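Visitor: pasting the sequence and the predicted coordinates here, then a few questions.
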Amino acid sequence: MPKILITEENLEDIIMLINTWEGKLTWDLLCSEVSQLLNIKSIERQSLANYSDIQKAFSTRKQRIKENSKANPQPNVTIDYLQKQVNNLKAQVQRLEEINEQYKQKFIVWQYNAYMHGMTEDKLNKPLIAVNRQHR
């Protein structure tokens with residue numbers, strides 16, 4: 001004759017455990033938690049499933065968890081982080097392209113002014129004079 005592990009008192013505790021379950025719910029995980037709850041070495045899925053109240057609570061909770069995960073999918077932190085990085089890099093590229101365009105416009109102005117003042121390309125490319133900064 002099998003040993004009776006589940007009584008009326010701890011049946012309510014097991015159902016409460018199932019109803020308040022968060023995260024992934026499997027029979028193996030439930031058996032592990034029920035074993036700890038009842039202070040026993042182990043309990044089998046079949047032993048728990050023999051109780052219609054436990055079976056019904058398990059099925060109902062599993063369905064609710066599934067519905068909640070569809071309604072509120074967990075954000076993927078890696079994808080969110082990478083998406084933010086992509087957006088930041090796009091903004092940086094945009095800003096640098098604007099700065100580059102401003103430099104191009106400034107160069108055109110300098111080129112025109114140099115031409116108007118008779119400056120040749122050789123004069124513009126002449127190296128800077130070395131400055132002696134030693135104090136005597």
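Guide: Nice, thanks for sending it over.

Visitor: how many other residues sit next to the closest residue to Lys41 other than its chain neighbours?
Guide: Taking C-beta to C-beta, 6 or more residues apart in numbering as the measure, Lys41 lies nearest to Ser35, with 6.8 Å between them; neighbours along the chain are not counted. For every residue, glycine as well, the C-beta is placed using N, CA and C. By the criterion of other C-beta atoms under 10 Å, Ser35 has 15 neighbours.

Visitor: just the pLDDT for Lys123.
Guide: The per-residue pLDDT reported for Lys123 equals 91.

Visitor: secondary structure class of it, three-state.
Guide: For Lys123, the assignment made with DSSP: H, G, I helix; E, B strand; the rest coil gives helix.

Visitor: other SSEs contacting the helix or strand harbouring Ser59?
Guide: When elements are defined using DSSP states H and E, Ser59 is found to belong to helix 52-71. Packed against helix 52-71, as judged by 3 or more C-beta pairs under 8 Å, 6 or more residues apart in numbering; DSSP states H and E, are the following elements: helix 8-19, helix 45-49.

Visitor: residues in contact with Ile54?
Guide: 6, 11, 14-15, 18, 48 (C-beta atoms under 8 Å, 6 or more residues apart in numbering).

Visitor: is it possible to mark the buried ones in these?
Guide: Burial of these was assessed by neighbour count (16 or more other C-beta atoms under 10 Å); the buried members are 6, 14-15, 18, 48.
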